[in-house]
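Peer 1: Provided below are the primary sequence and the corresponding predicted coordinates.
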Amino acid sequence: MRLLLKNRAPLIIVAVIALSVFFPQIAPANATCATYDSANNRIIVSCNATLPLVASQINNSTIIEDKGSGEYVIRATLQTSHAKLTISSTDGVSWLKITKNYGLYFYYANAAISGVKVTSWDESTNAPIDNAGAASRAWIRFYKTTDATIQNSELAYLGHGTEAASARGISFEGSGSTNVHIDNVEFHHDHYAFYSSYLTNSDLKNSNFHNNDKYDIDPHTYTNNFVISNNHIHDSQAQIGIICSFNCYAITIEGNTVEGSTSSGITFSRNMHDSIVRNNIIVNTPTGISVGNSPNNEIYGNTIHDVSRGIYFSTSSTEGTAQNNFAHDNTISKATYALISSNAPVNTVKHNSIDSGTVSYEYYLTSNSKFIIDMQSFNSDKIRGGSGSNPVEIRNSDNISVDGSAPIDTNAAPYITTLTSKIITVKSVSSTAPPPDTIRPAVKITSPANGATLSGNNTIHVTGTASDADSGVKTVQVHVDTGTYQTATPKAPGDWSTWSIDLSITAPGTHKIQARATDNAGNQNWYSIGVTIT
């Protein structure tokens, strides 16, 4: 037994080392977690700590200052390495103010930020730095973090575009980044409110984005298995509300409201694939949902209003192709183009609700694009083809009329056309094969009355009515007793609502006058009266 334990000792040592690297221990009360690197003006946190603990261990108010009432000012970059930093109201922190272009840097490190405000800070004006990212200011960067929670907080006036991309705003970067959870956070007046690369198995939800400068939500470069849900993006100068770009996949964007973005509400870019956009509300932006150079995505249940382009598929580079996307059950109103495709080989649109009264063109294809339109109702919808050869296939959409044509049954076979600099108008119409008419027509003799006594010395004038709600009355004929049927005269050609005929009956006695109506389907009905001739 001793020999076995001795041989296993190196394995135990390796395991302990691995655990100490990837799962840092909480520091004892007397441990030194925080040190100051004066050469780089950087605070280094090397074991799990809270912000008040860091301030007390640095113990230099020119570097990190406790201003009272939970407010802290830092005048250096605060870097956490292979450890976890907690900035929380439960530790008495309310507001972290970061001066100049310093930041919070989590290097292979984790974080818990809860119930606090974090902003840039200008000590000369005693206010956050509000420069729209045009000059240096504070930032937050996570690099290869594996556990970060940000909740019930406010992150504002952060990031800029004048220095390294790592200072862009609030960012999560590096292969292996995972397990980031952001909930109920207010992001405002940031350059990039949220940015990620290589991030996986994470979520961003229930948060409020407004007055940001560049992008509101920007998962980027191989971000995957990421959920963006129930956020509100509004009053923003940002170009795009939510953009996923460059090989992102397995992204779910759901239940968000995006208002007033200057370019588009939601954008797929540069080979974003196998992702879902559902049940979002997008209003007052040039493009509702843009699918650029991105294949194999599903878009459904979204409400898009007051836009130039509702859902826009396009290919403009070699980084991906906008093809094999599926957009269905969306509602689009007040748009120039509801569904538009440019240089996009084939995409399917199905059962979308398009308000034709507020949309100029329901469909627009250009530069060799193709739409498959499936299970769609048309209300004199306009399908416009621009330059190039643009196939359109309409299928499973019952009967349609194209430019006033006879009905075309798209359930039996798809309607296929190719449009080049041409507009067609498509309307849903009734079936080409109505159900067979098996109902007898109605017919009645209104004069003379049944049982009347008439003189045989006079012509007998017989009148009546006939109707058929299905195929219509074809003819009414009348005969006396077993004589030959004679055709009556209709009210007008084809109108048998009333009819008449003159009969001559001279033989005294009782006689039967019978009317027979025949409809256009061949159904017949009879009506008889008896008269006495004197």
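Peer 2: That came through, no problem.

Peer 1: Can you report how many residues lie near R168?
Peer 2: A count of neighbours around R168, defined by other CB atoms under 10 Å, yields 25. C-beta: built from backbone N, CA, C; applies to glycine.

Peer 1: Spit out the contact partners of it.
Peer 2: Listed by CB atoms under 8 Å, 6 or more residues apart in numbering, the contact partners of R168 are 139, 159-161, 191-192, 195, 214.

Peer 1: Adding distance to S264, pLDDT and neighbour count as columns, could you present these in TSV?
Peer 2: As requested, the contacts of R168 are arranged in TSV below (distance: CB to CB, whole Å; pLDDT from 0 to 100; neighbours: other CB atoms under 10 Å):
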residue	distance to S264	pLDDT	neighbour count
W139	26	97	27
G159	21	96	28
H160	23	92	26
G161	20	82	16
H191	19	94	26
Y192	16	94	28
Y195	17	97	26
K214	14	89	22
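
Peer 1: In strands, which of those residues appear?
Peer 2: Counting by DSSP state E, these place 139, 192, 195 in strands.

Peer 1: Which residue, other than its chain neighbours, is closest to the last one?
Peer 2: Just to be clear, that refers to Y195. By the measure of CB to CB, 6 or more residues apart in numbering, the closest residue to Y195 outside its immediate chain neighbours is S171, 4.2 Å from it.

Peer 1: what's the weakest-modelled helix or strand in this structure?
Peer 2: helix 2-22 (a mean of 40; mean pLDDT, DSSP states H and E).

Peer 1: so who does N368 touch?
Peer 2: Residues 343, 345, 388-390 are the ones in contact with N368 under the rule CB under 8 Å, 6+ apart.

Peer 1: among these, which ones are buried?
Peer 2: Listed as buried from the contacts of N368 are 343, 345, 388, 390; burial here means 16 or more other CB atoms under 10 Å.

Peer 1: can you count the residues close to H305?
Peer 2: Taking other CB under 10 Å as the criterion, the count of residues near H305 is 18.

Peer 1: give me the beta-bridge partners of it?
Peer 2: Per DSSP bridges, residues listed as beta-bridge partners of H305: V283, S333.

Peer 1: Now do the same for it: its pLDDT.
Peer 2: The score at H305 is 97. That number is its pLDDT.

Peer 1: In contact with the closest residue to V118 other than its chain neighbours, which residues?
Peer 2: The shortest distance from V118 to any non-neighbouring residue, by CB to CB, 6+ apart, is to L96 (4.7 Å). With contacts taken as CB under 8 Å, 6+ apart, L96 has the following neighbours: 51, 71-72, 74, 87, 104, 116-119.

Peer 1: I would like a PyMOL command selecting only the buried ones among these, please.
Peer 2: This is how PyMOL selects the buried members of the contacts of L96, with burial counted by 16+ other CB under 10 Å:
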select buried, resi 51+72+74+87+104+116+117+118+119
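
Peer 1: Between all of the contacts of L96, which two are at the greatest distance?
Peer 2: Across the contacts of L96, the two members that end up farthest from each other (CB to CB) are E71 and L104, 15.8 Å apart.

Peer 1: Beyond whichever strand or helix holds E393, next helix or strand please.
Peer 2: Element membership of E393 [criterion: DSSP states H and E] is strand 390-395. Using DSSP H and E, the helix or strand that follows strand 390-395 in sequence is strand 399-402.

Peer 1: re the thing from before, just the buried ones among the contacts of N368: which are in helices?
Peer 2: Under the assignment DSSP state H, the buried ones among the contacts of N368 contribute nothing to helices.

Peer 1: could the contacts of R168 be laid out in CSV, adding distance to N458?
Peer 2: Compiled in CSV, these are given as follows (distance: CB to CB, whole Å):
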residue, distance to N458
W139, 111
G159, 107
H160, 110
G161, 106
H191, 105
Y192, 102
Y195, 103
K214, 100
